[in-house]
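K.L.:
Model the following, please.
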Amino acid sequence: MKHVFSSVLLALSAGVLPLACHASALDAPLACNESGHQFIADLAQQQLIDPTPMRVESNSINAFRPAKGADLSAFGFHVFAVVGFEKDDPMFRTGDGEPLANSAYGAVVFGSDSSVQDAVTQAGSTAIVHHVGPHITAIFCKRN
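P.N.:
Numbers count the residues shown, from 1 in each chain. All right, here's what the predicted structure looks like:
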């Protein structure tokens with residue numbers, strides 16, 4: 001899973017989001033009570049993400065860039081990418097390897113893994129917190 005988020009980090013490192021004018025918190029969906037399709041479709045419908053993935057990992061995780069002017073947060077941390085996949089769903093492109101899960105989604109945030117884990121735990125979420133890099137952490141939900 002580290003490779004997935006490391007690749008997302010590299011794809012986004014060319015430019016950080018401009019000043020935002022549309023704020024949205026992803027805390028509720030990151031309680032891991034929905035599907036990858038619902039998570040990504042809702043964000044796309046609200047025009048909070050670019051609906052075309054900027055990258056597709058070999059494990060079929062699709063990485064989406066927040067829309068220009070969107071200010072996404074998760075548990076108080078700034079989101080700079082969202083990820084998702086749903087098996088047999090035309091919204092998502094498939095990678096050339098084994099899918100990570102039948103349904104998966106999450107957010108990549110600026111924050112240390114320990115501070116993000118504390119916030120996720122305090123919120124009562126069952127999301128997986130995964131260290132990506134220095135002060136870059138992924139919050140991830142998956143279903144099989």
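K.L.:
just the strands in the protein please.
P.N.:
22-25, 55-56, 62-64, 70-74, 77-86, 103-110, 128-133, 136-143 (DSSP state E).
K.L.:
For residue 96, find the nearest of the ones you listed.
P.N.:
strand 55-56 (9.2 Å; CB to CB). C-betas here are computed from N, CA, C, even on glycine.
K.L.:
what packs against the closest one?
P.N.:
Using 3 or more CB pairs under 8 Å, 6 or more residues apart in numbering; DSSP states H and E, the elements in contact with strand 55-56 are helix 2-12, strand 62-64.
K.L.:
quick revisit: save the strands of the chain as a markdown table, and put in mean neighbour count and distance to residue 121 too.
P.N.:
Shown next, in a markdown table, are the strands of the chain (neighbours: other CB atoms under 10 Å; distance: least, CB to CB, whole Å):
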| stretch | mean neighbour count | distance to residue 121 |
| --- | --- | --- |
| strand 22-25 | 13 | 17 |
| strand 55-56 | 18 | 29 |
| strand 62-64 | 22 | 25 |
| strand 70-74 | 21 | 14 |
| strand 77-86 | 25 | 14 |
| strand 103-110 | 26 | 15 |
| strand 128-133 | 18 | 9 |
| strand 136-143 | 23 | 11 |
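K.L.:
Count the residues that sit near residue 96.
P.N.:
By other CB atoms under 10 Å, the residues close to residue 96 number 9.
K.L.:
residues in contact with the spatially closest residue to residue 78 that is not a sequence neighbour?
P.N.:
Once flanking residues are discounted, residue 78 sits nearest to residue 110: 4.9 Å by CB to CB, 6 or more residues apart in numbering. Residue 110 is in contact with 77-78, 80, 135-136, counting by CB atoms under 8 Å, 6 or more residues apart in numbering.
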